[in-house]
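In: Dropping the sequence and predicted coords here.
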Amino acid sequence: MKILAFSTLLPAQAFTIARIHYGGGGDWYGDPSSLPNLLEFISEKTSIIVEPSEYRIKLTDPELFSHSFLYITGHGNIRFNEDEIIVLRDYLLKGGFLHADDNYGMDASFRREMKRIFPEKEWVEIPFDHNIYHVFYDFPNGLPKVHEHDGKPPKGLGLFDGKRLITFYSYESDLGDGWEDIEVHNNPPEIREAALKMGVNIVWFALTQ
């Protein structure tokens, strides 16, 4: 398999979020209004120039390396094939960033697949004083809690390549539900705003770390 690089990225290129279309039976397409709403919020509140619509992409798509920010979510099983394992590892080690958002039910399969990609790495809980919680908006207590699910506290988990955060996993928070159209989940306005602000932090951090 030919491994690509980020040669097509240009400084003036508008920021995009590329949602991973994965196999395994999980609903990779979950929360359909979430990313367009987040992108609109980013455009309104920051200086980042964005593409207003998400991209949906398979990891073996030749255009993968045109996107510096990947997003993955769902409620069910995630499964990568061998080519996807190779490509995603290469993508992340060459400067790409992955945000995984636990939509409740993906945790076991996501951790399993990331272990296949990085058998030598372990998840690290991101401390509350880490820059990802303060880079644009201030979150002194870490991730906001959008939905209860099991009643566990939200955790931001990371995989690092040296000092660079290559994957941020928002676990037991469900940011994507907070980004969705307000009538979908009827979240209180302050919860929805907190979720969107945390989304800004993740994107801003990924672009500036």
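Out: Nice, I can see it.

In: Quick check: longest helix in the chain by residues?
Out: Counting by DSSP state H, the longest helix found in the chain is helix 189-208.

In: which helices and strands sit right next to that helix?
Out: Counting contacts by 3 or more C-beta pairs under 8 Å, 6 or more residues apart in numbering; DSSP states H and E, helix 189-208 packs against helix 34-45, strand 69-74, strand 97-102, strand 164-171, helix 175-179. Every C-beta, even on glycine, is put in place using the N, C-alpha and C of the backbone.

In: now the longest one and strand 69-74, what's the angle there?
Out: Pointing back at helix 34-45 there. 140 degrees (axes from the mean of the first three to the mean of the last three C-alpha atoms, to 10 degrees).

In: what comes up buried for helix 34-45?
Out: Residues S34, L35, P36, N37, L38, L39, F41, I42, S43 are the ones in helix 34-45 that count as buried (16 or more other C-beta atoms under 10 Å).

In: what about stretch 75-89, how long is it end to end?
Out: Start and end residues of stretch 75-89 are separated by 23 Å (C-alpha to C-alpha, to the nearest Å).

In: Need the per-residue pLDDT for the residue nearest the centre of the chain.
Out: Centroid-nearest residue in the chain, with C-alpha atoms, centre = their mean: H99, separated by 1.8 Å. Looking at H99, its pLDDT stands at 98.

In: Next: N186.
Out: 79.

In: One more: K152?
Out: pLDDT recorded at K152 is 87.

In: That one touches K145, doesn't it?
Out: No. Using C-beta atoms under 8 Å as the test, K152 is too far from K145 to be in contact (9.3 Å).

In: Which helix or strand in the chain has the lowest average pLDDT?
Out: Ranking every helix and strand in the chain by mean pLDDT, DSSP states H and E puts helix 182-185 at the bottom, with a mean of 80.

In: by contact count, what packs against it?
Out: helix 175-179.

In: The closest residue to L39 other than its chain neighbours pairs with what?
Out: Nearest in space to L39, with sequence neighbours left out and distances taken as C-beta to C-beta, 6 or more residues apart in numbering, is V50 at 4.8 Å. With DSSP bridges as the criterion, V50 is bridged to F15.

In: distance of V50 from D27?
Out: The span separating V50 from D27 equals 25 Å under the rule C-beta to C-beta, to the nearest Å.

In: Can you pick out the residue with more neighbours from the two?
Out: Taking other C-beta atoms under 10 Å, V50 and D27 do not tie; V50 has more neighbours (19 against 14).

In: Check the gap between the more buried one and E84 for me.
Out: Note on V50: its distance to E84, by C-beta to C-beta, is 26 Å.

In: Perfect, I'm done here.
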